[in-house]
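Novice: Need a 3D model of the following:
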Amino acid sequence: MKEDKFSFRVSVETHDQTGEVIAAYFQVRKGKIKVTKEYANGNAFADYDKHGKLLGIELLGPCRAAILDQIAKQAPAKRFVQDAIPRGMLVHS
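Specialist: Residues are numbered from 1 along each chain as shown. Now for the predicted structure:
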């Protein structure tokens, strides 16, 4: 079985004048996107490859921790997203 290679990166887009975070992308793996699924009423999107492996998560607004945990099921990816998420983009309730 081929080893699952992670390639963690985060990119954050901020509002030019306020500095407020308006989007964040968490790359989990490199690869070609086959499908993108919407979560949290359009606040979160997850990119998957042709094998169904998570490539990345884009946040366009605050998202519940439970939804992010559902998307990033594997421990390394889940921990990466939890540790790297910008303040204000995570809802704990």
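Novice: What ranges does this structure have for its helices?
Specialist: Assigned by DSSP state H, the chain shows helices spanning 65-71, 75-84.
Novice: How far off centre is the first one?
Specialist: Yep, that's helix 65-71 we're talking about. 9 Å (CA atoms, centre = their mean, to the nearest Å).
Novice: cool, and stretch 35-54?
Specialist: That offset, for stretch 35-54, works out to 9 Å (CA atoms, centre = their mean).
Novice: what about dumping the CA coordinates of it to CSV?
Specialist: Only the C-alpha atoms of stretch 35-54 are listed here, as CSV (Å, rounded to 0.1, in the frame of the first residue of the first chain):
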residue,chain,number,x,y,z
VAL,A,35,-14.6,17.2,-6.5
THR,A,36,-15.4,20.1,-4.1
LYS,A,37,-18.0,19.6,-1.5
GLU,A,38,-19.8,22.4,0.3
TYR,A,39,-20.3,22.5,4.1
ALA,A,40,-21.7,24.9,6.7
ASN,A,41,-24.1,26.7,4.3
GLY,A,42,-21.2,27.8,2.0
ASN,A,43,-18.8,28.8,4.8
ALA,A,44,-16.6,25.7,4.2
PHE,A,45,-15.5,23.8,1.1
ALA,A,46,-13.5,20.6,0.9
ASP,A,47,-11.5,19.6,-2.1
TYR,A,48,-11.0,15.8,-2.8
ASP,A,49,-8.9,13.9,-5.4
LYS,A,50,-10.1,11.1,-7.6
HIS,A,51,-9.6,8.6,-4.8
GLY,A,52,-11.7,10.6,-2.3
LYS,A,53,-8.7,11.8,-0.3
LEU,A,54,-8.9,15.2,1.3
